[in-house]
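Chemist: test case, fold it:
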Amino acid sequence: KKKQYSRLPLGMEVENKTNNEDNIEIAKKQAKRGPDFEFATWKGLVLLAVVGVSLFGFFRYEKKRLETVKEADSNRGKTSKGYGKPLIGGAFELIDTNKEKFTQDNLKGHWSLVYFGFTHCPDICPEELDQLGEWLDILKAKNYPDIQSIFITCDPNRDTPEVIKNYLEEFHEGIIGLTGTHEQVKHACKQYRVYFSTPKDVPKGEDYLVDHSIFFYLMDPQGEFVQALGRQYDGEAGAAKIMDHIDAY
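Modeler: Residues are numbered from 1 along each chain as shown. Reported below is the predicted structural model:
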């Protein structure tokens, strides 16, 4: 019986044998490092997922921050380039409950909430000042900076420094009460676009009510107007809006 010989040239036959042996060795090595390779792959996927989530969170935060900045600029009456005259706020001069002068410069260096009311207000002003206290408590619990809270009377004829001081003792600690002459108060109200009206020819000693705008004016640490918070903002919503502006500042 004749012996079968390969039809491949001798050199090619040796080369194929060598390649087969190399492939077997490579397969063995891959088999050995399989688990490590899979582990490294999963680590890479987890890292990629973490980076993706972080970037998504950052972009969401930045989008919200820019929207809040745009809202504040719009409230101030500025254009997208930052130009324009503020619609609310400006120079004023009043006195506090210690009869010390208080001006717009006292707003600088703090976030401030400015409210206009009067001490003889039967229900709305007390409700609003209680609301203010709730906001302040929420902000404090979340470690936000202290807010300078200011109560400006629209009724200077009856609201003397002593009367305002006694009145504010019933509400959140630290609220600054301001009053002044009728002209000084009228000017401050005009600066903040606050409407108020008192009855004419009221006999001395007779009680009366004062109609006035019902807003808290949020001012930034430069003393510039940021947002008017109306009665639609309950405790959580109002505090959240204030925190949004502080975060975006």
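Chemist: buried residues in the one helix or strand residue 166 maps to?
Modeler: Assigning secondary structure by DSSP states H and E places residue 166 in helix 161-168. If you call a residue buried by 16 or more other C-beta atoms under 10 Å, then helix 161-168 has these buried ones: 161, 163-164, 167-168. Where C-beta positions appear, they are placed from N, C-alpha and C, glycine not excepted.
Chemist: the residues you listed into TSV, with extra columns for pLDDT and distance to residue 89?
Modeler: Shown next, in TSV, are these (pLDDT from 0 to 100; distance: C-beta to C-beta, whole Å):
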residue	pLDDT	distance to residue 89
161	98	23
163	98	26
164	98	22
167	98	25
168	98	22
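Chemist: which of those residues lies closest to residue 177?
Modeler: residue 164 (3.6 Å; C-beta to C-beta).
Chemist: show me what contacts the closest one?
Modeler: By C-beta atoms under 8 Å, 6 or more residues apart in numbering, residue 164 lies in contact with 97, 119, 151, 153, 177-179.
Chemist: for the nearest residue to residue 231 once chain neighbours are set aside, give me phi and psi.
Modeler: Leaving aside its sequence neighbours, residue 231 sits nearest to residue 214 (C-beta to C-beta, 6 or more residues apart in numbering; 6.0 Å). Per-residue torsions, residue 214: phi -120, psi 90 (degrees, to the nearest 10).
Chemist: and residue 214, how far from residue 88?
Modeler: 15 Å (C-beta to C-beta, to the nearest Å).
Chemist: mind checking which of the contacts of residue 164 are in strands?
Modeler: Among the contacts of residue 164, the residues falling in strands (DSSP state E) are 151, 153, 177-179.
Chemist: give me the below-cutoff pLDDT ranges for this structure.
Modeler: 1-40, 42-86 (pLDDT under 70).
Chemist: mark which of the contacts of residue 164 are buried, thanks.
Modeler: By 16+ other C-beta under 10 Å, these give 97, 119, 151, 153, 177-179 as buried.
Chemist: element containing the closest residue to residue 109 other than its chain neighbours?
Modeler: Distances taken as C-beta to C-beta, 6+ apart place residue 221 nearest to residue 109, at 5.7 Å, with adjacent residues excluded. Using DSSP H and E, residue 221 is not contained in any helix or strand.
Chemist: and the chain, what are its domains?
Modeler: 6-85, 93-248 (automatic domain parsing).
Chemist: just the buried residues of stretch 129-139, please?
Modeler: Those would be 129, 131-133, 135-136, 138-139, for stretch 129-139 by 16+ other C-beta under 10 Å.
Chemist: including secondary structure and distance to residue 186, could the residues you listed go into JSON lines?
Modeler: Below are the buried residues of stretch 129-139 laid out as JSON lines (DSSP: H, G, I helix; E, B strand; the rest coil; distance: C-beta to C-beta, whole Å):
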{"residue": "129", "secondary structure": "helix", "distance to residue 186": "22"}
{"residue": "131", "secondary structure": "helix", "distance to residue 186": "26"}
{"residue": "132", "secondary structure": "helix", "distance to residue 186": "24"}
{"residue": "133", "secondary structure": "helix", "distance to residue 186": "28"}
{"residue": "135", "secondary structure": "helix", "distance to residue 186": "28"}
{"residue": "136", "secondary structure": "helix", "distance to residue 186": "29"}
{"residue": "138", "secondary structure": "helix", "distance to residue 186": "34"}
{"residue": "139", "secondary structure": "helix", "distance to residue 186": "32"}
